[in-house]
Structures are given as C-alpha cells and as structure tokens.
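Chemist: next come a sequence and a model predicted from it.
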Amino acid sequence: MHIAVAGNIGSGKTTLTRMLSNYYGWSTKFEPSDFNPYLSDFYSDMERWSFNLQIYFLNKRFRDVVEISKSDAVVIQDRTIYEDAYIFAANLHDMGLMTSRDYDSYMELFDLMMSLINPPDLLIYLRSSIPNLISQIQRRGREYEKSIRIDYITGLNERYEQWVKSYKGRILVIDVDEIKFANRPEDFEMITNKIDGQLFGLFPSDNE
C-alpha cells in the first residue's frame, strides 16, 4: 500500500510522515532535500537552476514510486511525483523562471513516467495559509531557505489548491493552521482516526 503526504514548503509533511510511520509501523520515503546538490544554488538563482532541480526531483521521485510498487510493505511517502510537475515545475514556468522549452521537455518526460505508475492508495494533503508557512520556514532555520521569495510560496499554494480540487483519487485534507498534530496528541489522534476510516473503515470518513 502506498500512502503519500502532500503540501507546500513548511506545511509539516516530513514531521507527519515520521509520526505516522512510527505510529503504524510503515516504511518511509523521504524527500531528498538535505542531500540535494541543486537546492542551495536554486534558491540563490532560480532561473538558472530550475530545470536542473526539477529533473533531479523527478528522477528521485520516480525511482521511489517504482520501488514502492515492488514492495509488499505499506510505504508512506513525503511529497508525490505529481507535485513536482503540477505544482513546482508549473509554478516556475508561470513565473518565467523556467523556459517553455525546458518545461515542455520536462512534461514530456513526466507524462511518460505517468503511463508507468499508479497513484497512491491515499493522499494526505496538508493545507496551510501563507503566514503559517512562512512562520514554519523561519522556525526551522534552514540556511538555503532564507532567500525563498514570498511570491514563490504564494504561487505554489494557489496551485496546490487547484490541484486538490481536481484530484481524482482518495484524499484526506488536513488544515494545519488549526490542527497542530506535532504538539497536540489529540490532534494527531484525530488524524489517525480519519486515516483508519479512509483505509480500513466500512464508511470512509469525510475529507475535511
């Protein structure tokens, strides 16, 4: 089974992925941010490094999905391959930070990959406001994130909302402005109850 956690930068994906893995005993696939050879350069010069960064993420994510499809374990994944294309690459192209030539080449590769894989069994989307995202990014204090532009984060958030509205698979939406799962055990329990309803219940719980 494939569970995926989606959400903007600073929404708490990695924290929730780790907590759910510990709670359920699921295997994990984390986003390769800390060891990404392009990320620091990208935030310093987005236009120069956007294509390189997105290809790197696309390659890593596709490898993860292929490995998950071959596994008998339940695997929870921090960010999906869909976000790479529909959110991040598309946002960079719209902002003029990725050329149309590079974007078209990227999407051709993405479409080929999509023909070879299946969607997650459950997508958990962490919805957040811009102020909350900025606060979280500042709190974790990653050096390479200090130069992130607010218009970049805002564009991503808008695309996330559009994508979630059109998503066809099973989805659970968590409002992380209100649900502080990392600090409040009762909030984390509410999330696990919803997940249990989606995956194991006779009548799946509501998305919201």
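Modeler: Perfect, I can see it now. Quick caveat, the model's predicted, so the values are computed rather than measured.

Chemist: give me the helices and strands touching the worst-scoring helix or strand of the chain on mean pLDDT, please.
Modeler: Here the helix or strand of the chain ranked lowest by mean pLDDT, DSSP states H and E is helix 39-44, holding a mean of 88. Counting contacts by 3 or more C-beta pairs under 8 Å, 6 or more residues apart in numbering; DSSP states H and E, helix 39-44 packs against helix 46-70. Bear in mind the C-beta positions are built from the backbone N, C-alpha and C, glycine included.

Chemist: tell me the helix or strand right after the helix it packs on.
Modeler: Toward the C-terminus, helix 46-70 is succeeded by strand 75-78 as the next helix or strand (DSSP states H and E).

Chemist: that next one pairs with which strands, parallel or anti?
Modeler: Within its sheet, strand 75-78 is paired with strand 2-7 (parallel), strand 27-29 (parallel), according to DSSP bridges.

Chemist: can you list the ones you listed in a markdown table and add mean pLDDT?
Modeler: Rendered in a markdown table, the data for the strands paired with strand 75-78 read as follows (pLDDT from 0 to 100):
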| stretch | mean pLDDT |
| --- | --- |
| strand 2-7 | 97 |
| strand 27-29 | 95 |
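
Chemist: can you pull out the low-pLDDT segments for the protein?
Modeler: Across the chain, the stretches falling below the confidence threshold (pLDDT under 70) are 32-34, 202-208.

Chemist: which ones are touching Leu58?
Modeler: Contacts of Leu58 were listed using C-beta atoms under 8 Å, 6 or more residues apart in numbering, and they are Ile81, Asp84, Ala85, Tyr106, Leu109, Phe110, Met113.
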